[in-house]
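>>> this is a predicted model, with the sequence first.
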Amino acid sequence: MPIPTGNKDVSLSANKTDKRIEAALDFARDLYKLFSSDPSDAPATDQLVDQISQHVKKLHNYTHKHVAGVPGNPEMDQQGTRLWNICTRLRRDCGPTNKRLKRLYLHGRVLAFYLLVVANPYKTRKAQDLIYVVKLALRAARDCVESSELELATGVLQKAADYKSHLQDLASGLIKEEVDECNCLEVEYLIMRTALSWADNHVDVAEHMYTKAERLRQYLTPDYAEKLADVLYEIDFNSSDAGFKLIIHHIRKLHDKSPGAACAVLDEFTLSLRGVDDSSWMEKAVITRMWMITSQRDTNETIYTLIWKKLESNYSQKQYDIAENWCRLSLHHVFQNCGPGNVAKLQRKLLLCALARNELEAAISVVHNLSKQSWAEPMTAYLAFKVAIRCEDRNLAEQCIQIIGQAPDHVDFLGACIAESQQKGDILCAIAALKKLQENYEYKDPNPIHLPALFRCLIRLLNILAEKPDEQQGEFISDLCRQFDIVVYALERQSNDTQTPQLFTVDELEWFSRNAYNLALKHTTTWDLRCVVRLLTACVKIISHFPSDMRSQIEVTLKALFSRFIAASALISFARTQDKVKEQLEDYQLMRKHVLAFDSLVPEYLSRLDEQSQEDMVRKHATLLTFDFEAAVALGQWDDLGGIVQRAVPCRSAVAYQTMADSLLRAQVPGQVLYSTMRKLVNEIWDLESFDAVKLAKYTRCLFQATLPLDDALAMKLLQEACGRARELHESDARWPEEELEWMAATAFNHAIDLYGAYDRDRAKEWGSTAINLAHYCSDKSFERMLQDKFMRLSFEDHERNRGR
């Protein structure tokens, strides 16, 4: 059971942290884990208490000498809060006979207090933070005095004095409510000092502290007065008649402010005297109680208090009908001065009775008649939520969730709503409660909610609804996609803020990417393709946040490549069928991003695939490049076309080049762009061993047709290349289509005639002879002879003689 101390990597602050704090924080973590496993009462408990005491002493000395502490550190504050809460719960649940464990949990709570002191140094915090620490100190001190741990109590109260003193320095800047609370805390502190001194047999000090407390008692509110009376009689004064008198005195003082509260405290105190040997104490307590009944000013409040006790007794005995009758009696108008808080308590008790009897109509009736004050309390809203769930009133349930979400302590209540919804099988209400948590804590730090777990719960529940074909399915699918988008946003926000602790573990990143990918593949043919694209986009973005060694794994890379391929294929489909130009161009632009990402991944991982997978990946790559070419044409991004053609070279796909050429010919492309790009395409097609001669001839003809009006020299170069290719095809099994040859030869010869008519005889001769050369490869030799005859009729000799002169 003793916790071993070791060296751990602890990050508390950018500044160098005292080793005592690091050691204490390590120890607190291990102690919390131990307490979470429900330790049994073993002899080693005493040894563990000694370890805790050592850390407490070191932290006490540290906080006494070092004012600065470790301000603003969420881990220190979080560990202290967690340890405080678990020790409080375990000590409360621990049986009265198990003194060893109760002592262990008390010491653990004091250690948690010192961690919170270190995390909230009084010279660097706001007034509310200081008030918070003082309250914790007084609670811890009270438990220490009750358990006769006087040394612990002394140290804790010294810390309370430090913070209380600093609060007094800030008094001029406090609002009235804070000033009132500080005054009450001052009285409570003095009473605790009185109790500690009395228990430690320092009677003179106890009397001095009590006198100081008496001077300030006018500042006490009824709630604080009742609390202090509780403190006095719960602390062990049973060996001193003076202690008894002190308790009775304070109960009488409480009676001046709140007779009902004083009666309740005295009743509890009287019951605690049953085991005391001195019967005179019981007699004096009963006499005081009778005096209260006969002399108090607010008899109704006393009656109300007695009724409430009877009501609670009946309820605890499961006599719900009788308890409900007492509730309704207490709600009578004669008790209306007992305060709105009591009305809220009674209305909640009515709800509990109705729920216990499973009388939903009665419960709904209570809900509809709840007071405004009652609705303002989250416990009321939670009970109303339970009614709504059972009655399947979703509007009421969501109204309750909204009210709970506005309360300071809403996390526990919303968690209860989620559990209640899942128990009743109401997925929609569970989702509503989870979304309220998400809304309140989505990107806050520190965060009491583990966001990845919250995201997973929402995704699982939304997926259940998205799988059901009904009229709301589309909304659920869209909401499901939105949750993955939120995950991506949280990851990007985290990566951009180096100060924010890492929220997602590697396993969680893998879970989100895997589920986004699988959902997209599963529903490619059944869901709206835009939702599929959102899921795949989320998948690749989540993968980008994997550690570098994990991103390089072939399985992860293939998942990213397939996601990019499917997303790009869907986007090109959207763009081709989109009527609105703006949306069409947006789809093209987004698609190009997926292709570029695919393009950057393929070369590195292609060699790591088997032969069959390589061939498949190359085909996919070629297909995506044709999409990219089409998008660049549609977007008018002419400078990118040549680069796309070049990126397609490793794919060696004539089909890809032909598809690009078709895209180019369908569009209105600037002449120079058409020439340079189409020429690259034709050349790449020609370099491949297998190609479609008909398509090649068509592209050559189109390129020639587009270039001829713009640049005579370039057109001649294309014509000469066509002659060379026609000759090579003529010598092979492939043939240049007859009609294409005749068209190009005829067009070229007509251009020669135009040049001849313009007296440009040299160029006319070149064009005419080249046209006849191309016609030579036509199977119909009469076409070649016809061109030759016409060419021979042209007189180039006179021009030659004239040029010679």
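Received it, and whenever you're ready, just let me know what you need.
>>> in stretch 775-794, what counts as buried?
775-778, 783-784, 787, 791 (16 or more other Cβ atoms under 10 Å). Where C-beta positions appear, they are placed from N, C-alpha and C, glycine not excepted.
>>> distance check, Val421 against Met379.
Careful, residue 421 is Ser and not Val. Distance, Ser421 to Met379, by Cβ to Cβ, to the nearest Å: 17 Å.
>>> repeat that for Ile364.
18 Å.
>>> one more: Gln438?
Counting by Cβ to Cβ, the separation of Gln438 from Met379 is 23 Å.
>>> mind checking the pLDDT average for stretch 790-803?
Mean pLDDT, computed over stretch 790-803, is 67.
>>> what's the mean pLDDT across the strand or helix carrying Ala381?
Applying DSSP states H and E as the criterion places Ala381 in helix 378-391. Here helix 378-391 scores 90 as its mean pLDDT.
>>> how far does that helix sit from its chain's centre?
27 Å (Cα atoms, centre = their mean, to the nearest Å).
>>> helices or strands up against the next helix-or-strand element following it?
Next along the chain after helix 378-391, taking DSSP H and E as the criterion, comes helix 394-405. Contact analysis of helix 394-405 by 3 or more Cβ pairs under 8 Å, 6 or more residues apart in numbering; DSSP states H and E lists helix 378-391, helix 410-424, helix 427-441 as its packing neighbours.
>>> ok, and what's touching stretch 766-786?
For stretch 766-786, contacts defined as Cβ atoms under 8 Å, 6 or more residues apart in numbering pick out 716, 719-720, 722-723, 726-727, 729-730, 736, 738, 741-742, 744-746, 748-749, 751-753, 755-756, 787-788, 791, 794.
>>> mind giving me the PyMOL command for buried ones among those residues?
The PyMOL selection below is limited to those of the contacts of stretch 766-786 classed as buried (16+ other Cβ under 10 Å):
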select buried, resi 716+719+722+723+726+729+736+741+742+744+745+746+748+749+751+752+753+755+756+787+791
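>>> residues of the strand or helix carrying Val179 that come out buried?
Using DSSP H and E, the element containing Val179 is helix 176-199. Neighbour-count burial for helix 176-199, counted by 16+ other Cβ under 10 Å, picks out 178, 181-199.
>>> repeat that for stretch 476-487.
So, applying 16+ other Cβ under 10 Å, buried residues of stretch 476-487: 476-481, 483-484, 486-487.
>>> mind listing which of these are in helices?
Among the buried residues of stretch 476-487, the residues falling in helices (DSSP state H) are 476-481, 483-484, 486-487.
>>> tabulate these (CSV), appending distance to Ala597.
Listed next are these as CSV, based on distance: Cβ to Cβ, whole Å:
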residue, distance to Ala597
Phe476, 29
Ile477, 25
Ser478, 25
Asp479, 27
Leu480, 24
Cys481, 20
Gln483, 23
Phe484, 18
Ile486, 22
Val487, 19
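>>> how about TSV for the residues you listed, with distance to Asp143 and pLDDT added?
TSV is the format used below for these (distance: Cβ to Cβ, whole Å; pLDDT from 0 to 100):
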residue	distance to Asp143	pLDDT
Phe476	50	92
Ile477	54	94
Ser478	53	94
Asp479	48	94
Leu480	49	95
Cys481	51	95
Gln483	44	94
Phe484	48	95
Ile486	43	92
Val487	43	93
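>>> farthest pair in the residues you listed?
Farthest pair in those (Cβ to Cβ) is Phe476 and Val487. Separation: 17.1 Å.
>>> next, the buried residues of stretch 707-726.
Neighbour counts over stretch 707-726 (16+ other Cβ under 10 Å) mark 707-708, 714-716, 718-719, 721-723, 725-726 as buried.
>>> and of the residues you listed, the nearest to Ser316?
Of the buried residues of stretch 707-726, the one sitting nearest to Ser316 (Cβ to Cβ) turns out to be Thr707, at 98.1 Å.
>>> surely that closest one touches Leu719?
No - with contact defined as Cβ atoms under 8 Å, Thr707 does not reach Leu719; the gap is 9.6 Å.
>>> in the stretch 51-200 of the chain, which spans are helices?
Using DSSP state H, counting those that start in this stretch, the helices of the stretch 51-200 of the chain run over 74-93, 99-119, 127-146, 150-169, 176-199.
>>> winner for burial among those helices?
The highest mean neighbour count among the helices of the stretch 51-200 of the chain, using mean count of other Cβ atoms under 10 Å, belongs to helix 99-119: a mean of 23.
>>> run the angle between that helix and helix 74-93 for me.
Orientation check (axes from the mean of the first three to the mean of the last three Cα atoms, to 10 degrees): helix 99-119 against helix 74-93 gives 160 degrees.
>>> now helix 99-119: mean pLDDT?
Across helix 99-119, the per-residue pLDDT values average to 91.
>>> and what of stretch 619-628?
Mean pLDDT, computed over stretch 619-628, is 94.
>>> tell me the buried residues in it?
Buried residues in stretch 619-628 (16+ other Cβ under 10 Å): 620-628.
>>> ok, so of the residues you listed, who is nearest Arg761?
Thr626 (45.8 Å).
>>> pull the residues that contact the host helix or strand of the closest one.
Using DSSP H and E, Thr626 falls within helix 611-635. The contact list for helix 611-635 (Cβ under 8 Å, 6+ apart) reads 561, 564-565, 568-569, 572, 575, 584-585, 588-589, 591-592, 594-596, 598-599, 602, 606, 609, 638, 640-641, 644-645, 647-648, 650-651, 653, 655-656, 659-660, 663-664, 667, 669.
>>> same thing with stretch 482-496?
438, 442-443, 451-452, 455, 458-459, 462, 500, 502-504, 509, 512, 516, 534-535, 538-539, 541-542, 545.
>>> just the buried ones from those residues?
Neighbour counting by 16+ other Cβ under 10 Å classes 438, 442, 451-452, 455, 458-459, 462, 503-504, 509, 512, 516, 534-535, 538-539, 541-542, 545 among the contacts of stretch 482-496 as buried.
>>> what about the helices in the stretch 601-750 of the chain?
So, for the stretch 601-750 of the chain - with DSSP H, counting those that start in this stretch - the helices run 611-635, 641-647, 654-666, 671-687, 693-707, 712-730, 738-757.
>>> could you pull out the buried residues of the third one?
Spelled out, it's helix 654-666. 654, 656-664.
>>> Phe749 versus Pro408, what's the distance?
92 Å.
>>> same deal with Pro709?
16 Å.
>>> next: Thr270.
Thr270 is 127 Å from Phe749, where distance means Cβ to Cβ.
>>> again, but for Asp507
74 Å.
>>> roughly how far apart are Ser495 and Leu503?
11 Å.
>>> er, Trp326 actually
Applying Cβ to Cβ to Trp326 and Leu503 gives a distance of 50 Å.
>>> for Phe512, same thing?
Distance from Phe512 to Leu503, by Cβ to Cβ: 12 Å.
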